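[1] Give the three-dimensional model of this entry:
(chains A, B and C)
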Amino acid sequence: MKKYLTSIALSIVAAISTYGADITLNGAGASFPAPVYQLWTYAYTQITPDVKVNYQSLGSGAGINQIKAGTVDFGGTDNPLTPEEQSEANLVQFPMLTGGVVLIVNLPELKSTELKLDQKTLSDIFLGNIKVWNDPAIAALNPEVKLSKTKITVVHRSDSSGTSFIFTDYLSKISPEWKEKVGTGAAVKWPVGIGGQKNPGVCNNVAKIKGSIGYTEYTYAVEAKLKCVTLKNKDGKFVAPTPKTFSASAAGADWENAKGYYMVLTDTEGEDSWPITGITYILIQKDAPDKEKQQALYKYFNWCLTSGANSASKLNYVPLPKNLVEKIQNDVLK
Amino acid sequence: MVFKLHKRETRRGTLTQKQMNSQFNQTEHQAKRRPLRFRKWKDKLVRLFSIFSITLAVGGMAWILFTVISNGLSVIDFKFLTQPSKPYGIPDNGIANALIGTLLITLGAAALSVPPAIAGGIYLSEFGKYSKVGHFIRFSANVMMGIPSVIVGLFVYIILVIPTGSFSGFAGSVALAIIMFPLVMRTTEDMLAMVPYTLRESALALGMTRARTTLCIVARAAKNGLLTGILLGLARVSGETAPLLFTALFSDSWPTEFFSQPTANMPVLITEYATNSPFEEMHAAGWGAALIITLVVLLINIFTRIMFRTRHAK
Amino acid sequence: MFATDNIFKTICLICAGLVGLLMIGFFVQLALSSVGAWKEFGLSFLWSSEWDPVDEKFGALPSIIGTLLTTFIALVIALPLSFVSAFYLVDLPGAIGKILSQALDLLATIPSIIYGMWGLFILAPVMQTHVQPFMVDTLRLGKVPIVGRFLGEDYNGFGFFTAGLILALMILPYICAIMRDIFAMTPPMLRESAYGVGCTKWETAKDIVVRYGIRGLLGGVFIGLGRALGETMAVLFVIGNMTQMPSALFDSGTTIAATLANNFPEAAGIQQSVLFALGLILLIMSFGIQVFAQWYLNSTSAKRGEER
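    So this is what the prediction gives:
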């Protein structure tokens, strides 16, 4: 019996140690791009014989923390670091994808994108000034739809989130009251509502609570079959969230003057622009000691920016324009 | 009539026997029938309430189990049990890597905690039964058993994950070992204490050292009980989530770099799939995994109960 | 006498002493890591209800009150139920009684994450669509004077009430098992004498058995309390995750363990040491409860047998 157990133990140990020859790249961070990042890590691991990549969706704040502490090899965040923050933490930042932050609602009587909200009603809902769905302000924007007297339950993020950063940045731009009372940030003091963990948490809560409204990344809304809201953009037109409106918003981005690739795309001009578009970034250490790992990391990101663009579009993200990709490849990934 | 034998406390103060007797005689006529019926009804009511509460408790368990089984059963098939976990959108999702990861982490926890725990239990039952040190250690063990598992996770994060710079299955094992250690130690002590003294006396009379007595005679006699304690400890920690969230995290690959990389494991997989993913397929996979781990834990517990009972019957 | 015996004894002593070392280690490590928070906020951290990550102002009060509130709800629900269940179980005829007792004991072993999942997917929607509207609209419990105010107008299935319910379901088997043992350990003579003078079963339990075994019962209560205090996963999913002071039963909130689990992966700088400070508070709370429980149990261990 003893011999049997020891031989099993030895074989397990042997199995564990011989496989350690592979390079493993660990990443953690934003849940905003997680669906496509996890597809990429899986696909890349399959096609590359001696490299394994792994991405844990923990939230932008966690991603920034982990890469600063060095417990992961790359971090994902939609909450971009300023150039000063980057040099302070000895990190390099570059964009990876564009996506849209959308509003999701749980109103069984409506279809997706049927509900229209403008800047004032949206900020009033999240400030807690509008409390029921059949409030006259909302009804005025939606004359063809019958809204019930259900209470509005706001769902926001309970963790530190780049998606929250993008959304609160937008709210601060469109509502002076929001800017004064709450402000912009990855984790703010929300006036009303309940909190969900990461994007899926918000989606789950909205799906379960009738009359709730939350914000999340577009892919989650589509794949989880949640109803989206049509918003009024800066030009005054009501636009529905689609990859077309996201790219329209991203088209006007001025990357030449963006130091450290710091860019926020909320409330952009353009007739077809989606007002809450976001860019998601990757953070890597500037001078990592392990050169072999660094090279493997660069190879992986080159693959993502070029070959991975296809699967990103399939999941309703907007890949970066070609010239930006070339810029990043020459600037960073050498 | 019910009256307490020595004193009776009323609103007006304590009555002695004599005063009570006179009171009894006075109120006998009015009080004869109503109190008895009233008390009987009270008793019946409480009995009803107790049936209701047992139904609630066992019914709650049945409801939970029923939910887990009905939601999880449809997902489980051979592929589910043998394929590694994959991100959303890729077919053939499975939990095999998480199962192996949990097995490795739990075995690691056992390897780390069982030898010192048994040694500690031996000390408590053989040498430290009545000493002050023994009392203090016993007290600490009981206290440690009640520490929230999230704090253990934090502790191991600080002492292991930060210095080594990576999450790892090994750190998860350490966290679970800390939880298991006082548990196994106390059950070892209890089991060894149940071994009759005559065995020890006979061995010592034959000239064996105490070490030999304890290890070869006493421990062997309590073998079943010791194993029960270890298995119960394993069952308890295999379902712990919070410590693993801070130490082993999760990964979609096979757990081949147990000591240096995040390792897939069941509880974190369930958390990931159920709450970190809004997609229905992942939720279903989470239920399947939940069903597996519940079954494993229940089976281990039932098995140890049967084993323990047979030992007693002897 | 034998050298090996001394070595053996020393080894065993060291291993046993590890437990004490660990206990001290926990306190030391948490205290050290939370120094930043204590320096920044001082003792007022304990009663400040601010939680503003943007301005970096934190307070422990919402989490502490949340922990106490959920534990209180759990105990209020679980204690009477388990007392009455134990009282009934002890007198049931052989087979049924054994099966039910075993069933309850097995209930205690279900991993807490299962409770959390069940709460999130099953209980919370049921609460929102059936139970809470029933309580607020049909029973009009909100209109009851004084107490009704604490029920809450806004409900969404999540919150302290749901979390308290799940915690109650979790600690019920523990407390019930201990109470059942107490009932079984009461000397038969005591109960028979009570029956002999005409007590009903309930009066026996209420007046005689409780008084006899009060210490053991309280010990069991404290064990359940300790378990509820530190429970993370089951509460995390259904409490609503709002770091705010509870004003009503149906409100969303947080507990210390939930705040820790939510915020730790992304906390940095002062927020991280704030979380460690919260962990230290939780450790002290559960330590205090455990010490109390051990004191009671130690006084009654002879009466209740060796099992615990």
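
[2] Give me the neighbour count for A:V325.
    18 (other C-beta atoms under 10 Å in any protein chain shown). The C-beta positions use only the backbone N, C-alpha and C, and glycine is treated the same way.

[3] what's the answer for B:L73, then?
    12.

[4] Tell me which helix or strand the closest residue to it other than its chain neighbours sits in.
    Excluding its sequence neighbours, the residue lying closest to B:L73 (C-beta to C-beta, 6 or more residues apart in numbering or on different chains) is B:L291, at 6.6 Å. Using DSSP states H and E, B:L291 sits in helix B:280-313.

[5] That helix packs against which elements?
    Packed against helix B:280-313 by the contact rule (3 or more C-beta pairs under 8 Å, 6 or more residues apart in numbering or on different chains; DSSP states H and E) you find helix B:34-73, helix B:78-82, helix B:96-122, helix B:223-238, helix B:266-275, helix C:94-107, helix C:112-118.

[6] Any idea how many residues pack against the residue of the stretch 151-300 of chain B found nearest chain C?
    Per C-beta to the nearest C-beta, B:G239 is where the stretch 151-300 of chain B lies closest to chain C, at 2.5 Å. B:G239 has 22 neighbours, counted by other C-beta under 10 Å.

[7] residues touching it, list them.
    When contacts are counted by C-beta atoms under 8 Å, 6 or more residues apart in numbering or on different chains, B:G239 touches B:P267, B:I293, B:V297, C:I110, C:P111, C:S112, C:I113, C:I114.

[8] 7 Å instead, please
    Residues in contact with B:G239 (C-beta atoms under 7 Å, 6 or more residues apart in numbering or on different chains) are B:P267, B:I293, B:V297, C:P111, C:I113.

[9] CSV please, covering those and showing distance to C:K98, neighbour count and pLDDT.
    Formatted as CSV, those follow (distance: C-beta to C-beta, whole Å; neighbours: other C-beta atoms under 10 Å in any protein chain shown; pLDDT from 0 to 100):
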residue, distance to C:K98, neighbour count, pLDDT
B:P267, 31, 30, 90
B:I293, 27, 27, 90
B:V297, 21, 20, 90
C:P111, 25, 25, 89
C:I113, 29, 29, 89
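
[10] With respect to B:S74, which of the residues you listed is nearest?
    B:I293 (17.0 Å; C-beta to C-beta).

[11] List of residues touching the host helix or strand of A:N323?
    Using DSSP H and E, A:N323 maps to helix A:322-331. Contacts to helix A:322-331, defined as C-beta under 7 Å, 6+ apart, come from residues A:F94, A:W255, A:N302, A:L305, A:T306.

[12] For PyMOL, write the select line for the buried members of those.
    To isolate the buried subset of these in PyMOL, counting by 16 or more other C-beta atoms under 10 Å in any protein chain shown, use the following:
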select buried, chain A and resi 94+302+305
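
[13] So which of the contacts of helix A:322-331 sits lowest on pLDDT?
    Least confident entry in the contacts of helix A:322-331, by pLDDT: A:W255, with 81.

[14] Do you know the pLDDT at the closest residue to chain A within the stretch 51-200 of chain C?
    Residue nearest to chain A within the stretch 51-200 of chain C (C-beta to the nearest C-beta): C:P53, separated by 3.9 Å. Here the pLDDT value assigned to C:P53 is 71.

[15] Before we go further, A:V102 is sitting in a helix, right?
    No: applying DSSP: H, G, I helix; E, B strand; the rest coil, one finds A:V102 to be strand, outside a helix.

[16] isn't it right up against A:V222?
    No: counting by C-beta atoms under 7 Å, A:V102 stays clear of A:V222, with 9.0 Å between them.

[17] between the two, which one's more packed in?
    A:V102 (28 against 17).

[18] And the helices in the stretch 151-300 of chain C?
    C:160-185, C:188-196, C:201-203, C:210-230, C:233-236, C:256-263, C:270-304 (DSSP state H, counting those that start in this stretch).

[19] Quick one: list the elements packing against the shortest one.
    In this case it means helix C:201-203. helix B:34-73 (3 or more C-beta pairs under 7 Å, 6 or more residues apart in numbering or on different chains; DSSP states H and E).

[20] show me the contacts for A:N134.
    Neighbouring residues of A:N134 by C-beta under 7 Å, 6+ apart: A:L147, A:S148, A:K149.

[21] can I get the residues you listed in TSV with secondary structure, pLDDT and distance to B:F303?
    Output for the contacts of A:N134, formatted as TSV (DSSP: H, G, I helix; E, B strand; the rest coil; pLDDT from 0 to 100; distance: C-beta to C-beta, whole Å):
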residue	secondary structure	pLDDT	distance to B:F303
A:L147	coil	85	57
A:S148	coil	84	54
A:K149	coil	85	56
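
[22] For ChimeraX, what selects the buried ones among the residues you listed?
    Here is the ChimeraX selection string for the buried members of those, based on 16+ other C-beta under 10 Å:
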select /A:147
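
[23] and chain C, which of the contacts of A:N134 contact it?
    Cross-checking those against chain C (C-beta under 7 Å from any C-beta of the partner chain) gives no overlapping residues.

[24] Can you tell me which of the contacts of A:N134 comes closest to C:P125?
    A:S148 (18.4 Å).

[25] does that closest one really touch A:W133, like I thought?
    Yes: under the criterion of C-beta under 7 Å, A:S148 makes contact with A:W133 at 6.0 Å.

[26] element containing the residue in the stretch 51-200 of chain A positioned nearest to chain B, please.
    Nearest residue of the stretch 51-200 of chain A to chain B: A:P200, at 4.5 Å (C-beta to the nearest C-beta). Assigned by DSSP H and E, A:P200 belongs to helix A:198-208.

[27] just checking, what packs against that helix?
    Helix A:198-208 packs on strand A:153-157, strand A:194-196, strand A:212-217, helix A:218-223, helix B:266-275, going by 3+ C-beta pairs under 7 Å, 6+ apart.

[28] Need the per-residue pLDDT for the residue nearest the centre of chain C.
    By C-alpha atoms, centre = their mean, chain C has its centre lying nearest to C:A228, at 1.7 Å. C:A228 is assigned a pLDDT of 86 by the prediction.

[29] wait, what's in contact with it?
    C:T71, C:A74, C:L167, C:I171.

[30] Repeat that for A:A207.
    Counted by C-beta under 7 Å, 6+ apart, A:A207 has contacts A:N106, A:A224, A:L226.

[31] B:F136 too?
    Contacts of B:F136 (C-beta under 7 Å, 6+ apart): C:G20.

[32] cool, the one 3 residues further on as well?
    Residues in contact with B:F139 (C-beta under 7 Å, 6+ apart) are C:Q294.

[33] and it, helix, strand or coil?
    helix.

[34] hey, what's in contact with both of A:V102 and A:V222?
    Joint contacts of A:V102 and A:V222 (C-beta under 7 Å, 6+ apart) do not exist.

[35] C:D5: how many residues sit nearby?
    Residues near C:D5, counting by other C-beta under 10 Å: 16.

[36] any chance you could map the helices in the stretch 201-334 of chain A?
    A:218-223, A:243-251, A:291-306, A:309-314, A:322-331.

[37] Mind listing what's buried along the last one?
    Which is helix A:322-331. Under 16+ other C-beta under 10 Å, the buried positions of helix A:322-331 are A:L324, A:V325, A:K327, A:I328, A:Q329.

[38] buried ones in stretch A:171-183?
    Counting neighbours by 16+ other C-beta under 10 Å, stretch A:171-183 gives A:L171, A:S172, A:K173, A:I174, A:S175, A:W178, A:K179, A:V182, A:G183 as buried.

[39] Nearest to B:Y273, out of those residues: which one, please.
    Scanning the buried residues of stretch A:171-183 for proximity to B:Y273, where the rule is C-beta to C-beta, the winner is A:L171, at 31.7 Å.
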